[in-house]
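**Q** quick one, what's the 3D model for this:
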Amino acid sequence: MPDYFYVYPAYIARGRSRSEGRRIPEGLALSELTAEEIVQAAKRLGFRAEVEIEKQFPHDVPAYLGRVKVMKSSGMTKGKFLRAVATELSKQRAAGGKR
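**A** Residues are numbered from 1 along each chain as shown. You can find the predicted model right below:
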């Protein structure tokens, strides 16, 4: 059975503190992030990912922003994945003029 890890947009959100759920350095964090953007970035990086829209980050009750289910790959930790996704999203947003 495949092994997964889960990513909430709050893990990469600009404007959140570590105690509020951010898991990457503040310099890599992004604003107005959606679960769908995370899925697209994960797919560009070669991961299998899907949105679970009915899920919510526990600190954000009652907001249902969804979460992303990502299939693990060998040698990739959740922390490395989050940094890689944030970097990929920053590149995409820079090309589109949004940070």
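
**Q** contacts, neighbours, all on C-alpha from now
**A** Fine.

**Q** residue contacts, Ala29?
**A** 12-14, 86 (CA atoms under 8 Å, 6 or more residues apart in numbering).

**Q** so which of those residues are in helices?
**A** Ala86 (DSSP state H).

**Q** now, of the contacts of Ala29, which are buried?
**A** 12-14, 86 (16 or more other CA atoms under 10 Å).

**Q** what's the farthest-apart pair in those residues?
**A** Between any two of the buried ones among the contacts of Ala29, the greatest separation by CA to CA is 10.8 Å, found for Arg14 and Ala86.

**Q** give me the common contacts of those two.
**A** What both Arg14 and Ala86 touch, as defined by CA under 8 Å, 6+ apart, is the set 29-30.

**Q** that older thread, columns distance to Pro58 and pLDDT on top of the buried ones among the contacts of Ala29, output as a markdown table?
**A** Output for these, formatted as a markdown table (distance: CA to CA, whole Å; pLDDT from 0 to 100):
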| residue | distance to Pro58 | pLDDT |
| --- | --- | --- |
| Ile12 | 15 | 95 |
| Ala13 | 15 | 93 |
| Arg14 | 18 | 94 |
| Ala86 | 21 | 97 |
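
**Q** from these, which is closest to Phe47?
**A** Of the buried ones among the contacts of Ala29, the one sitting nearest to Phe47 (CA to CA) turns out to be Ala86, at 14.2 Å.
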